[in-house]
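Novice: Let's see this in three dimensions:
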Amino acid sequence: MYKMHNIMGKLDRRNWLRQSTLAIAGLGFGSSLSYGRNREQFFPLGEDANELIRIGSNENPYGPSPMAKEAMIKAIETSNRYPWQTTTALREKIGGLFGLSAENVLMGAGSSELLGVAAAFASSETGNAVAAYPTFKLWFKAAEHFGLTIKSIPCTADKKHNLQAMLDAMDDATRMVYIVNPHNPTGTIIPAAELKGFVEKMSQKCMVLLDEAYTEYSDEPSLGNMVAGNKNIVVAKTFSKIHGLAGARAGYVLAHPDTIAGLSNFMPWANAGTSAVSLAGAMASLDDHDFTKMTRSKTDAVRMMLHSEMQKLGLPHTQSSASFIYYDTSGLKKNLAETCTNAGIQGVRTFEEGTPWRRTSIGTMAEMEKFLNTLKSC
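Specialist: Have a look, this model is predicted:
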């Protein structure tokens, strides 16, 4: 078995930490997220920015929650102090949600930071990482910088992870397998019972990084409790999506305490990247069940409407279990992205280069009705 907790001994720890920290900070994850495009070009800001319909980054259009906003305002008053007690309390609270403890939780500035940390950790020995294509590839540059070759395994015809092909692609040099469930950008989902079996098999050889950014939008449970007895499983979660705190930058990973210790070595100051204000918002958001239920209910209703309308238009699309839709624009006569931009809508994004498939986030009902009207005009 590939022992993650032993790999650090083969490196000059401080030199590796220094290099990894600088690389993660300087690689420009934002450019990876926008797939080679300048973020300001893709999401231009200006005097009319607030009038734009922004449905490209899977942000929650209803958040932050009322309880989170109140807690964040109060936290400003104590932001002159390091929020150690709040950090510990939040880690304990998160751990308890999964039958774990604070020692199983590592906080970060959004789960994106921690995906990069996990990639750097896995690349402590050169080799390869296995991931689906298309997928959320924010961590790719960090992994490649530190010596990992990315093995991209095409999704199935119905845009789902091809788990068996991913398992077959693993070899003695595989250091990490990355799975997003529900999948970004396709919105498809793997039933937890099926996924659990593959994760167990894959983790016998290397680290499995399971990205659960959108689990709360689905009916499938988290696999977070698997980390209790398995040092090769890391589960990444975020407050950016259903909790509506994308701008607050709060996320976390769940892992075995030994793995948490290894990951922490790749952070300049473990558990210190989330501000006092963001921590307070995250803590309160976990208790604002009415808000998350409302967000899920409204997202479900809008998604159902979109699926229905796309069906009427004869537009091929996946059955999404997330806060975005994935659809085929090959039947359109006009360029949808350009048409939407001219209508003040940002959010038609490409993840499979050279194909007509596009991803668009789910906004409010009013926003998506405008998007649909624009879509119909194409």
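Novice: going forward, measure contacts between C-alpha atoms and count neighbours the same way
Specialist: Will do.
Novice: Val130 pairs with what?
Specialist: Lys151, Val177 (DSSP bridges).
Novice: What pLDDT is listed against it?
Specialist: On the pLDDT scale, Val130 is placed at 98.
Novice: which stretch of helix or strand covers the residue nearest to the spatial centre of the chain?
Specialist: Geometric centre of the chain, nearest residue: Ala213, 4.4 Å, by Cα atoms, centre = their mean. Using DSSP states H and E, Ala213 sits in no helix or strand.
Novice: pLDDT at it, what is it?
Specialist: 98.
Novice: Apart from its neighbours in sequence, what residue is nearest it?
Specialist: Lys237 (5.1 Å; Cα to Cα, 6 or more residues apart in numbering).
Novice: before we move on, the earlier item: so what's the residue nearest to the centre of the chain up against?
Specialist: Contacts here follow Cα atoms under 8 Å, 6 or more residues apart in numbering; on that basis Ala213 touches Ser111, Val180, Asn181, Pro182, Ala236, Lys237, Thr238, Lys241.
Novice: which one among those residues gets closest to Asn230?
Specialist: Among the contacts of Ala213, Ala236 lies closest to Asn230 (Cα to Cα), at 15.0 Å.
Novice: quick one: contacts for the closest one?
Specialist: Applying Cα under 8 Å, 6+ apart, the residues contacting Ala236 are Ser111, Leu114, Leu115, Leu209, Leu210, Asp211, Glu212, Ala213, Gly251, Tyr252, Val253, Leu254.
Novice: how close does it sit to Ala322?
Specialist: 16 Å (Cα to Cα, to the nearest Å).
Novice: Now the residue sitting furthest away from the middle of the chain: closest residue in space that isn't a chain neighbour?
Specialist: In terms of distance from the mean C-alpha position of the chain, Lys333 ranks first, at 32.7 Å (Cα atoms, centre = their mean). In space, and not counting its chain neighbours, Lys333 is closest to Cys378: 5.7 Å by Cα to Cα, 6+ apart.
Novice: which residues touch Thr292?
Specialist: Taking Cα under 8 Å, 6+ apart as the test, what Thr292 contacts is Ile242, His243.
Novice: secondary structure class for it?
Specialist: Following DSSP: H, G, I helix; E, B strand; the rest coil, Thr292 is assigned to helix.
Novice: Quick check: it vs Ile76, distance?
Specialist: 24 Å.
Novice: So what touches the strand or helix carrying Gln85?
Specialist: Following DSSP H and E, one finds Gln85 within helix 84-97. By Cα under 8 Å, 6+ apart, the residues outside helix 84-97 that reach it are 101-107, 254, 271, 276, 279-280, 282-283.
Novice: In helices, which of these appear?
Specialist: Ala276, Leu279, Ala280, Ala282, Met283 (DSSP state H).
Novice: for the chain, which spans come out with low pLDDT?
Specialist: Counting by pLDDT under 70, the chain shows low-confidence ranges at 1-50.
Novice: I'd say Leu315 and Ile325 touch.
Specialist: No. Between Leu315 and Ile325 there is no contact under Cα atoms under 8 Å: 11.8 Å.
Novice: what does the helix or strand containing Gly116 contact?
Specialist: Taking DSSP H and E as the definition, Gly116 sits inside helix 110-122. Helix 110-122 is contacted from outside by 4, 20, 24, 108, 138-140, 142-143, 146, 175-176, 207, 209, 213, 236-240, 246, 249-253, 262-263, 266-267, using Cα under 8 Å, 6+ apart.
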